[in-house]
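sequence and computational prediction follow.
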Amino acid sequence: MITVLFVAFAAILVVSSLLVILHRSPVTSALFLVLAFCSLAAIYLLLHAEFIGLVQVVVYAGAIMVLFLFVIMYLNLGQDVESGATVVLRRGLGWLLGAALVAEGALLLAGRLAPGPAAPPALAAAAGAGNTQQIGLLLYSRYLFPFEITSIILLVAMIGVIVIARGLREAAPAEPAAASAPAGAAAPDDAPGEDA
Amino acid sequence: MIPLSWLLLLSAVLFCIGVIGVLVRRNAIVIFMSIELMLNAANLAFVAFARHLNSLDGQVFVFFVMTVAAAEVAVGLAIIVNLFRLRETVFVDEINLLKG
(Lines give C-alpha, C1' and ligand atoms only; values in the text may rest on other atoms or scores of the structure.)
Protein backbone atom coordinates (compact mmCIF):
# COMPACT_ATOMS: atom_id res chain seq x y z
CA MET A 1 0.00 0.00 0.00
CA ILE A 2 2.73 2.45 0.97
CA THR A 3 4.67 1.53 -2.14
CA VAL A 4 1.63 2.20 -4.35
CA LEU A 5 1.08 5.58 -2.69
CA PHE A 6 4.75 6.42 -3.05
CA VAL A 7 4.76 5.60 -6.75
CA ALA A 8 1.61 7.67 -7.30
CA PHE A 9 2.94 10.72 -5.46
CA ALA A 10 6.35 10.39 -7.13
CA ALA A 11 4.64 10.37 -10.53
CA ILE A 12 2.66 13.51 -9.64
CA LEU A 13 5.85 15.12 -8.36
CA VAL A 14 7.90 14.40 -11.49
CA VAL A 15 5.14 15.37 -13.93
CA SER A 16 4.26 18.61 -12.17
CA SER A 17 7.89 19.65 -11.81
CA LEU A 18 8.40 18.94 -15.52
CA LEU A 19 5.40 21.17 -16.24
CA VAL A 20 6.99 23.87 -14.06
CA ILE A 21 9.92 24.14 -16.44
CA LEU A 22 7.92 23.47 -19.62
CA HIS A 23 4.93 25.76 -19.27
CA ARG A 24 5.27 29.19 -20.83
CA SER A 25 3.18 31.13 -18.37
CA PRO A 26 4.99 31.92 -15.07
CA VAL A 27 1.72 31.86 -13.08
CA THR A 28 0.94 28.31 -14.27
CA SER A 29 4.52 27.30 -13.48
CA ALA A 30 4.12 28.61 -9.95
CA LEU A 31 0.84 26.75 -9.43
CA PHE A 32 2.38 23.50 -10.69
CA LEU A 33 5.25 24.10 -8.28
CA VAL A 34 2.68 24.29 -5.45
CA LEU A 35 1.33 20.90 -6.59
CA ALA A 36 4.88 19.49 -6.67
CA PHE A 37 5.56 20.73 -3.13
CA CYS A 38 2.28 19.26 -1.85
CA SER A 39 3.05 15.83 -3.31
CA LEU A 40 6.56 16.06 -1.85
CA ALA A 41 4.93 16.74 1.54
CA ALA A 42 2.85 13.58 1.05
CA ILE A 43 6.05 11.63 0.37
CA TYR A 44 7.53 13.04 3.60
CA LEU A 45 4.43 11.80 5.45
CA LEU A 46 4.95 8.34 3.94
CA LEU A 47 8.53 8.46 5.24
CA HIS A 48 7.27 9.18 8.79
CA ALA A 49 8.62 12.72 8.74
CA GLU A 50 5.35 14.31 9.83
CA PHE A 51 6.81 17.57 11.09
CA ILE A 52 8.82 18.15 7.92
CA GLY A 53 5.79 17.33 5.78
CA LEU A 54 3.61 19.89 7.49
CA VAL A 55 6.35 22.52 7.49
CA GLN A 56 6.77 21.84 3.77
CA VAL A 57 3.11 22.67 3.18
CA VAL A 58 3.08 25.72 5.44
CA VAL A 59 6.43 27.26 4.51
CA TYR A 60 6.99 26.19 0.89
CA ALA A 61 3.50 25.76 -0.57
CA GLY A 62 2.18 28.55 1.64
CA ALA A 63 4.63 31.35 2.30
CA ILE A 64 7.27 31.00 -0.42
CA MET A 65 4.88 30.35 -3.30
CA VAL A 66 2.62 33.22 -2.24
CA LEU A 67 5.72 35.42 -2.43
CA PHE A 68 6.43 34.11 -5.94
CA LEU A 69 2.86 34.69 -7.12
CA PHE A 70 2.85 38.13 -5.57
CA VAL A 71 6.00 39.12 -7.47
CA ILE A 72 4.67 37.65 -10.73
CA MET A 73 1.49 39.68 -10.41
CA TYR A 74 3.39 42.78 -9.29
CA LEU A 75 5.58 42.62 -12.39
CA ASN A 76 2.53 41.73 -14.55
CA LEU A 77 4.34 38.99 -16.49
CA GLY A 78 2.58 37.38 -19.45
CA GLN A 79 3.59 34.43 -21.57
CA ASP A 80 7.26 34.01 -22.31
CA VAL A 81 8.40 34.47 -25.88
CA GLU A 82 10.68 31.51 -26.58
CA SER A 83 12.01 31.56 -30.11
CA GLY A 84 15.24 32.12 -32.03
CA ALA A 85 18.27 30.03 -32.89
CA THR A 86 20.16 30.55 -29.63
CA VAL A 87 17.10 29.54 -27.59
CA VAL A 88 16.72 26.30 -29.58
CA LEU A 89 20.45 25.57 -29.28
CA ARG A 90 20.47 26.18 -25.54
CA ARG A 91 17.32 24.13 -25.06
CA GLY A 92 18.88 21.17 -26.87
CA LEU A 93 22.09 21.46 -24.85
CA GLY A 94 20.13 21.77 -21.61
CA TRP A 95 18.04 18.65 -22.22
CA LEU A 96 21.13 16.73 -23.33
CA LEU A 97 23.03 17.66 -20.17
CA GLY A 98 20.01 16.89 -17.98
CA ALA A 99 19.53 13.47 -19.56
CA ALA A 100 23.24 12.74 -19.05
CA LEU A 101 22.94 13.67 -15.35
CA VAL A 102 19.87 11.44 -14.85
CA ALA A 103 21.57 8.54 -16.62
CA GLU A 104 24.68 8.97 -14.48
CA GLY A 105 22.63 8.99 -11.27
CA ALA A 106 20.65 5.91 -12.27
CA LEU A 107 23.84 4.09 -13.23
CA LEU A 108 25.50 4.88 -9.90
CA LEU A 109 22.44 3.92 -7.85
CA ALA A 110 21.93 0.67 -9.73
CA GLY A 111 25.55 -0.38 -9.55
CA ARG A 112 28.26 -0.36 -6.93
CA LEU A 113 26.87 2.56 -4.91
CA ALA A 114 23.76 0.63 -3.90
CA PRO A 115 22.91 1.52 -0.27
CA GLY A 116 23.48 -0.92 2.55
CA PRO A 117 20.87 -2.40 4.87
CA ALA A 118 18.70 -0.10 6.98
CA ALA A 119 19.46 0.56 10.62
CA PRO A 120 17.26 -1.26 13.16
CA PRO A 121 14.26 0.83 14.27
CA ALA A 122 15.35 1.26 17.87
CA LEU A 123 15.60 4.99 18.43
CA ALA A 124 12.21 6.15 17.23
CA ALA A 125 10.13 3.35 18.71
CA ALA A 126 11.74 3.32 22.13
CA ALA A 127 11.22 6.97 22.89
CA GLY A 128 7.46 6.77 22.45
CA ALA A 129 7.29 10.46 21.62
CA GLY A 130 5.95 12.07 18.48
CA ASN A 131 8.09 13.17 15.58
CA THR A 132 7.66 16.86 16.35
CA GLN A 133 8.60 16.40 19.99
CA GLN A 134 11.74 14.46 19.09
CA ILE A 135 12.81 17.06 16.54
CA GLY A 136 12.21 19.80 19.11
CA LEU A 137 14.34 18.03 21.69
CA LEU A 138 17.14 17.59 19.15
CA LEU A 139 16.82 21.16 17.91
CA TYR A 140 17.12 22.70 21.36
CA SER A 141 19.93 20.48 22.61
CA ARG A 142 22.45 19.33 20.02
CA TYR A 143 21.56 21.86 17.33
CA LEU A 144 20.95 24.88 19.58
CA PHE A 145 23.77 26.97 18.12
CA PRO A 146 22.85 26.41 14.43
CA PHE A 147 19.23 27.15 15.39
CA GLU A 148 20.27 30.54 16.78
CA ILE A 149 22.34 31.17 13.64
CA THR A 150 19.23 30.66 11.48
CA SER A 151 17.48 33.44 13.36
CA ILE A 152 20.39 35.73 12.48
CA ILE A 153 20.11 34.61 8.84
CA LEU A 154 16.42 35.51 8.80
CA LEU A 155 17.12 38.89 10.40
CA VAL A 156 19.88 39.67 7.88
CA ALA A 157 17.61 38.60 5.00
CA MET A 158 14.82 40.83 6.28
CA ILE A 159 17.07 43.88 6.56
CA GLY A 160 18.68 43.07 3.21
CA VAL A 161 15.33 42.83 1.44
CA ILE A 162 14.23 46.17 2.84
CA VAL A 163 17.49 47.83 1.76
CA ILE A 164 17.42 46.26 -1.73
CA ALA A 165 13.77 46.98 -2.39
CA ARG A 166 13.98 50.66 -1.45
CA GLY A 167 17.54 51.33 -2.62
CA LEU A 168 16.59 52.40 -6.13
CA ARG A 169 14.68 55.45 -5.02
CA GLU A 170 17.79 56.76 -3.26
CA ALA A 171 19.83 56.25 -6.41
CA ALA A 172 17.76 58.81 -8.35
CA PRO A 173 18.53 62.18 -6.76
CA ALA A 174 16.53 64.13 -9.36
CA GLU A 175 13.33 64.36 -7.31
CA PRO A 176 14.32 63.66 -3.70
CA ALA A 177 11.33 65.40 -2.12
CA ALA A 178 8.69 63.65 -4.21
CA ALA A 179 10.31 60.23 -3.92
CA SER A 180 10.74 60.18 -0.16
CA ALA A 181 7.39 61.72 0.65
CA PRO A 182 5.38 58.45 0.76
CA ALA A 183 8.08 56.75 2.84
CA GLY A 184 8.06 59.46 5.45
CA ALA A 185 8.22 57.08 8.38
CA ALA A 186 11.44 55.55 7.09
CA ALA A 187 13.11 58.91 6.62
CA PRO A 188 15.27 58.96 9.81
CA ASP A 189 17.31 55.90 8.80
CA ASP A 190 18.15 57.13 5.33
CA ALA A 191 21.82 57.47 6.23
CA PRO A 192 22.65 53.76 6.81
CA GLY A 193 20.91 52.83 3.59
CA GLU A 194 23.09 55.13 1.50
CA ASP A 195 26.12 52.84 1.32
CA ALA A 196 24.14 49.79 0.16
CA MET B 1 9.09 0.26 3.53
CA ILE B 2 10.17 2.25 0.49
CA PRO B 3 13.66 1.27 -0.74
CA LEU B 4 16.30 3.94 -0.27
CA SER B 5 17.48 3.71 -3.87
CA TRP B 6 14.02 4.64 -5.20
CA LEU B 7 14.01 7.75 -3.04
CA LEU B 8 17.52 8.69 -4.10
CA LEU B 9 16.60 8.16 -7.74
CA LEU B 10 13.53 10.37 -7.32
CA SER B 11 15.72 12.99 -5.66
CA ALA B 12 18.23 12.79 -8.53
CA VAL B 13 15.47 13.14 -11.13
CA LEU B 14 14.03 16.15 -9.30
CA PHE B 15 17.46 17.77 -9.10
CA CYS B 16 18.08 17.19 -12.81
CA ILE B 17 14.71 18.73 -13.69
CA GLY B 18 15.83 21.77 -11.72
CA VAL B 19 19.16 21.87 -13.57
CA ILE B 20 17.40 21.62 -16.94
CA GLY B 21 15.03 24.41 -15.94
CA VAL B 22 17.94 26.70 -15.06
CA LEU B 23 19.67 25.91 -18.37
CA VAL B 24 16.62 26.10 -20.64
CA ARG B 25 14.43 28.94 -19.41
CA ARG B 26 15.05 32.67 -19.91
CA ASN B 27 12.60 34.02 -17.35
CA ALA B 28 14.48 34.85 -14.13
CA ILE B 29 11.50 33.93 -11.94
CA VAL B 30 11.15 30.48 -13.52
CA ILE B 31 14.90 29.97 -13.08
CA PHE B 32 14.38 30.81 -9.43
CA MET B 33 11.60 28.22 -9.17
CA SER B 34 13.97 25.64 -10.65
CA ILE B 35 16.47 26.47 -7.92
CA GLU B 36 13.70 25.78 -5.40
CA LEU B 37 13.18 22.39 -7.06
CA MET B 38 16.87 21.58 -6.59
CA LEU B 39 16.74 22.57 -2.90
CA ASN B 40 13.74 20.28 -2.46
CA ALA B 41 15.61 17.43 -4.12
CA ALA B 42 18.36 17.86 -1.50
CA ASN B 43 15.69 17.90 1.23
CA LEU B 44 14.21 14.66 -0.07
CA ALA B 45 17.62 13.00 0.04
CA PHE B 46 18.08 14.22 3.63
CA VAL B 47 14.72 12.80 4.73
CA ALA B 48 15.36 9.53 2.88
CA PHE B 49 18.67 9.02 4.66
CA ALA B 50 17.15 10.03 8.00
CA ARG B 51 14.56 7.27 7.52
CA HIS B 52 17.18 4.79 6.35
CA LEU B 53 19.54 5.41 9.27
CA ASN B 54 16.77 5.80 11.85
CA SER B 55 18.14 9.13 12.95
CA LEU B 56 16.38 12.47 13.18
CA ASP B 57 19.42 14.61 12.35
CA GLY B 58 18.53 14.60 8.67
CA GLN B 59 15.12 16.09 9.40
CA VAL B 60 16.72 18.82 11.51
CA PHE B 61 18.95 19.65 8.55
CA VAL B 62 15.89 19.89 6.33
CA PHE B 63 14.53 22.44 8.78
CA PHE B 64 17.70 24.52 8.38
CA VAL B 65 17.62 24.19 4.58
CA MET B 66 14.05 25.48 4.57
CA THR B 67 15.07 28.50 6.63
CA VAL B 68 17.89 29.32 4.25
CA ALA B 69 15.56 28.80 1.27
CA ALA B 70 13.02 31.23 2.69
CA ALA B 71 15.71 33.87 3.20
CA GLU B 72 17.12 33.21 -0.28
CA VAL B 73 13.71 33.56 -1.94
CA ALA B 74 13.02 36.84 -0.20
CA VAL B 75 16.37 38.36 -1.19
CA GLY B 76 16.28 36.95 -4.72
CA LEU B 77 12.78 38.19 -5.47
CA ALA B 78 13.72 41.63 -4.15
CA ILE B 79 16.67 41.64 -6.55
CA ILE B 80 14.42 40.57 -9.45
CA VAL B 81 11.89 43.32 -8.63
CA ASN B 82 14.72 45.86 -8.56
CA LEU B 83 16.07 44.50 -11.85
CA PHE B 84 12.65 44.86 -13.44
CA ARG B 85 12.42 48.46 -12.28
CA LEU B 86 15.87 49.17 -13.73
CA ARG B 87 15.75 47.25 -17.06
CA GLU B 88 12.01 46.64 -17.66
CA THR B 89 12.65 42.93 -18.26
CA VAL B 90 13.14 39.68 -16.35
CA PHE B 91 14.66 37.78 -19.28
CA VAL B 92 18.22 36.87 -18.45
CA ASP B 93 19.25 37.12 -22.13
CA GLU B 94 18.54 40.82 -22.16
CA ILE B 95 20.46 41.52 -18.96
CA ASN B 96 23.91 41.49 -20.54
CA LEU B 97 25.63 44.55 -19.12
CA LEU B 98 28.76 42.55 -18.25
CA LYS B 99 29.01 41.02 -21.72
CA GLY B 100 32.17 42.25 -23.46
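Okay, I see it. Residues are numbered from 1 along each chain as shown, chains lettered A, B, ... in the order given.

low-confidence regions, chain A specifically.
Counting by pLDDT under 70, chain A contains low-confidence residues at A:82-83, A:112-129, A:167-196.

help me see whether the helix or strand harbouring B:Leu7 makes contact with chain A, please.
Take DSSP states H and E as the rule and B:Leu7 turns out to sit in helix B:4-24. Yes: shown here: helix B:4-24 in contact with chain A (C-beta under 8 Å from any C-beta of the partner chain) through B:4-10, B:12-21, B:23-24. All C-beta spots, glycine's among them, are computed from the backbone N, C-alpha and C.

buried among the residues you listed? Make that a PyMOL selection.
In PyMOL syntax, the buried subset of these is picked out as below (16 or more other C-beta atoms under 10 Å in any protein chain shown):
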select buried, chain B and resi 4+5+7+8+9+10+12+13+14+15+16+17+18+19+20+21+23+24
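
show me what the one helix or strand B:Leu39 maps to is packed against.
Taking DSSP H and E as the definition, one finds B:Leu39 inside helix B:28-53. Judged by 3 or more C-beta pairs under 8 Å, 6 or more residues apart in numbering or on different chains; DSSP states H and E, the packing partners of helix B:28-53 are helix A:2-22, helix A:26-46, helix A:65-75, helix B:4-24, helix B:57-87.

how about a cut-off of 10 Å?
Counting contacts by 3 or more C-beta pairs under 10 Å, 6 or more residues apart in numbering or on different chains; DSSP states H and E, helix B:28-53 is packed against helix A:2-22, helix A:26-46, helix A:50-55, helix A:65-75, helix B:4-24, helix B:57-87.

got these as a markdown table, with distance to A:Ile153 columns?
Putting these into a markdown table (distance: least, C-beta to C-beta, whole Å) gives the following:
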| stretch | distance to A:Ile153 |
| --- | --- |
| helix A:2-22 | 26 |
| helix A:26-46 | 21 |
| helix A:50-55 | 16 |
| helix A:65-75 | 17 |
| helix B:4-24 | 22 |
| helix B:57-87 | 5 |
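
indicate which one of the ones you listed is closest to A:Leu155.
helix B:57-87 (9.4 Å; C-beta to C-beta).

residues of that closest one that come out buried?
Here helix B:57-87 shows B:58-64, B:66-67, B:69-84 as buried, counting by 16+ other C-beta under 10 Å.

what's the answer for stretch A:26-46, then?
Of the residues in stretch A:26-46, A:26-27, A:29-46 count as buried by neighbour count, 16+ other C-beta under 10 Å.

off-centre distance for it?
11 Å (C-alpha atoms, centre = their mean, to the nearest Å).

likewise for stretch B:12-20?
Taking C-alpha atoms, centre = their mean, one finds the center of stretch B:12-20 at 9 Å from the center of the full chain.

show me the contacts for A:Leu77.
A:25-27, A:71, B:27-30, B:84, B:90 (C-beta atoms under 10 Å, 6 or more residues apart in numbering or on different chains).
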